[in-house]
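Engineer: I would like the atomic coordinates for the input below:
(one chain, ligands or ions: 1)
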Amino acid sequence: MELVTKISGITLRNPFMNASGVLSQTVSLLKRLQEAEVGAVVTKSITYEERKGYENPTFIKINCGYLNAMGLPNPGFREFLKELSLCRDEFKVPIIVSIAPSEPKQAREMATTFKNIASAIEINLSCPHSEKLGLEVFNDAKLTESIVKNVKDGFDKPVFCKLPPYRNEVLGIIDSLDNCDAFVVSNTIRAMKIDIKAKKPVLSNKFGGLSGKALHPISLALVFELYEKTKKPIIGVGGVESWEDAVEFFLAGASAVQVGSVLEKKGITIFKELVEGLEKYLKEERISLEELIGLAHDS
Ligand code: SIN
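Structural biologist: Predicted coordinates for the structure are as follows:
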């Protein structure tokens with residue numbers, strides 16, 4: 001079955017990509033992802049200045065998924081651009097550059113800088129634990145709007161907004177994000193774990209983001225609702241561990257799916273599993289991927 005799909009005019013050989021941050025911190029990791037059967041690669045979120053990230057522990061497994069608070073470690077956009085420019089030609093799949101800006105002018109400068117490298121920009125409006133970044137930006141509607149506008153003005157290809165999983169806040173803002181081309185739904189849920197013997201939070205940052213199994217039905221519900229409220233394409237992300245989880249996202253209305261935490265568990269072979277599982281399902285159901293998208297709304 002044909003798995004080629006389009007998101008805002010970008011052609012993907014299949015609808016699967018990594019979620020920003022997981023196995024995508026360096027260019028060599030992005031190259032490894034490309035060798036697996038991804039439709040596109042998504043970089044770690046890049047900030048204006050270099051960030052060292054938080055102290056360990058930054059990633060832990062808990063009984064309903066994973067908690068992470070890495071602190072958006074990255075070399076800053078200039079350094080990352082240098083690294084990526086050197087091997088741009090080695091990438092045969094679209095590169096989606098994730099940026100985490102905290103103000104409009106810097107956002108525009110970053111977007112412009114990646115003009116010749118990125119097929120799309122994903123704006124991280126949802127990291128749940130970094131000061132003046134991600135969710136803190138999203139919580140200021142005017143700032144968010146201005147950042148999205150500036151990224152659009154500085155970048156002539158598609159711009160995606162990566163949203164948090166909080167329904168009311170998201171539904172309250174999407175009309176003012178009309179400038180962007182697609183939504184990525186969703187980032188992790190702000191969460192924590194406390195060590196009852198040490199009597200203190202386990203993550204060095206105290207708060208982190210919950211991903212994995214527990215996130216899946218929450219993101220799925222938001223994708224479903226957004227599909228009815230917006231005409232923009234949606235990329236579903238949250239707790240996908242199997243092709244069946246991905247099919248749920250397509251049925252809810254996602255045109256593509258990102259996978260994150262499962263890469264820690266199963267490695268990059270998950271992409272082959274997703275591609276083969278989806279192909280088999282479409283064949284058995286005698287349906288195309290295009291027909292599958294949003295089909296759960298017809299019932
Ligand atoms: C991190 O780097 O701490 C996670 C980024 C995110 O949640 O967007």
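
Engineer: which other residues reach the lowest-mean-pLDDT helix or strand in the chain?
Structural biologist: Using mean pLDDT, DSSP states H and E, the weakest-scoring helix or strand in the chain turns out to be helix 262-266, at a mean of 90. Residues from elsewhere that reach helix 262-266, judged by CB atoms under 8 Å, 6 or more residues apart in numbering: 18, 22-23, 59, 66, 212, 240-241, 270, 273. Yep, even glycine has a C-beta here, placed from its N, CA and C like the rest.

Engineer: again, only this time at 7 Å
Structural biologist: 18, 22-23, 240-241, 270 (CB atoms under 7 Å, 6 or more residues apart in numbering).

Engineer: wait, does it contact the ligand?
Structural biologist: No - applying CB under 6 Å from any ligand atom, one finds helix 262-266 separated from the ligand by no less than 13.3 Å.

Engineer: distance between the very next helix or strand once past that helix and the chain's centre?
Structural biologist: As assigned by DSSP states H and E, the chain's next helix or strand after helix 262-266 is helix 270-285. For helix 270-285, the separation from the chain centroid amounts to 21 Å (computed by CA atoms, centre = their mean, to the nearest Å).

Engineer: C-alpha coordinates for helix 270-285, CSV please?
Structural biologist: Only the C-alpha atoms of helix 270-285 are listed here, as CSV (Å, rounded to 0.1, in the frame of the first residue of the first chain):
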residue,chain,number,x,y,z
ILE,A,270,10.3,0.8,15.5
PHE,A,271,9.9,2.7,12.2
LYS,A,272,10.1,-0.5,10.2
GLU,A,273,7.5,-2.1,12.5
LEU,A,274,5.2,1.0,12.1
VAL,A,275,5.6,1.0,8.3
GLU,A,276,5.0,-2.7,7.9
GLY,A,277,2.1,-2.7,10.4
LEU,A,278,0.3,0.2,8.7
GLU,A,279,0.8,-1.3,5.2
LYS,A,280,-0.6,-4.6,6.3
TYR,A,281,-3.6,-2.9,8.0
LEU,A,282,-4.4,-0.7,5.0
LYS,A,283,-4.2,-3.8,2.7
GLU,A,284,-6.5,-5.8,5.0
GLU,A,285,-9.0,-3.0,5.4
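
Engineer: Determine the set of other helices and strands touching it.
Structural biologist: With contacts taken as 3 or more CB pairs under 7 Å, 6 or more residues apart in numbering; DSSP states H and E, helix 270-285 sits against strand 16-18, helix 243-252.

Engineer: Export those as CSV, with columns for mean pLDDT, mean neighbour count and distance to residue 290.
Structural biologist: Formatted as CSV, those follow (pLDDT from 0 to 100; neighbours: other CB atoms under 10 Å; distance: least, CB to CB, whole Å):
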stretch, mean pLDDT, mean neighbour count, distance to residue 290
strand 16-18, 97, 27, 16
helix 243-252, 98, 22, 10
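
Engineer: Take those and write them to JSON lines, including distance to residue 285.
Structural biologist: Converted to JSON lines, the helices and strands packed on helix 270-285 look like this (distance: least, CB to CB, whole Å):
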{"stretch": "strand 16-18", "distance to residue 285": "18"}
{"stretch": "helix 243-252", "distance to residue 285": "9"}
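
Engineer: export these to TSV and tack on distance to the ligand?
Structural biologist: Converted to TSV, those look like this (distance: least, CB to the nearest ligand atom, whole Å):
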stretch	distance to the ligand
strand 16-18	13
helix 243-252	19
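
Engineer: Quick one: name the residues of the stretch 151-299 of the chain near the ligand.
Structural biologist: 187-188, 209.

Engineer: where's residue 183 relative to residue 91, distance?
Structural biologist: Separation of residue 183 from residue 91 (CB to CB, to the nearest Å) stands at 24 Å.
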